[in-house]
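[1] Below are the sequence and a predicted model for it; my questions follow.
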Amino acid sequence: MSLDEEDQARMVKQLGGEKAEVCARYWRVSAPLGADTKKSAVVQMKIVSGRCIFYVEDGEGLGGCSIHKARPWRCGQWPLHPAILGDENNFITIRESCPGVNQELSYQEFCSILRELMQQGKIQC
Ligand code: SF4
């Protein structure tokens, strides 16, 4: 998941310290695809043991986001991800993994609601 400038600023503010320190510890920065020097580098959260570096578990195996208040906007919109609109398999995967999704909704109903939210500007792509 890419972090935009606002995501980065929010994380730096919550974590404290300099942006370069936060970057070195928590982010993975890669060149834009195609090495187009006019585009910005892609900044993403590091993955540790197959999970986002901010995911933590307590001693009983309960997990959560350790940076919840400063999480990326894309995380805040989960599970309303635009990728659902292009592929029903994405919908099926997300519905199975997220108990917050109404399990009774059909793919068409979910897409209709998601499109409406996007038209209202409540979901950004
Ligand atoms: S919600 Fe938190 S733990 Fe999950 S991907 Fe986003 S930043 Fe990482």
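    Received, thanks.

[2] Residue 6: what's it in contact with?
    Residue 6 makes contacts with residue 73, as judged by CB atoms under 8 Å, 6 or more residues apart in numbering. Placement of C-beta: from N, CA and C, glycine included.

[3] and if you look at residue 26?
    So residue 26 contacts 11, 15, 45, 46, 53, 54 (CB under 8 Å, 6+ apart).

[4] These: which ones sit near the ligand?
    With CB under 6 Å from any ligand atom as the criterion, the contacts of residue 26 include 45, 54 near the ligand.

[5] Report the two of the contacts of residue 26 separated the most.
    Within the contacts of residue 26, 15 and 46 form the most distant pair, 13.2 Å apart (CB to CB).

[6] So which bits of this protein are right by the ligand?
    Near the ligand, when you scan the chain using CB under 6 Å from any ligand atom, you find 45, 52, 54, 55, 65, 67, 71, 72, 75.

[7] Could you pick out which of those residues are located in helices?
    Taking DSSP state H, the ones among the residues of the chain next to the ligand that sit in helices are residue 75.

[8] Just the buried ones from the residues of the chain next to the ligand?
    Buried subset of the residues of the chain next to the ligand (neighbour count, 16 or more other CB atoms under 10 Å): 45, 52, 54, 55, 67, 71, 72, 75.

[9] follow-up on the earlier one: out of residue 15 and residue 46, which sits in the busier spot?
    More crowded of residue 15 and residue 46, by other CB atoms under 10 Å: residue 15, with 16 against 13.

[10] check contacts around that one.
    Applying CB under 8 Å, 6+ apart to residue 15 gives the contacts 22, 26, 67, 70.

[11] And the last one, how far from residue 9?
    Between residue 70 and residue 9 the distance, using CB to CB, to the nearest Å, works out to 9 Å.

[12] More neighbours: which of the two?
    Between residue 70 and residue 9, residue 70 has the larger neighbour count (other CB under 10 Å), namely 18 against 13.

[13] Quick one: the strands in the chain, in order.
    27-30, 42-45, 47-48, 51-52, 55-57, 63-65 (DSSP state E).
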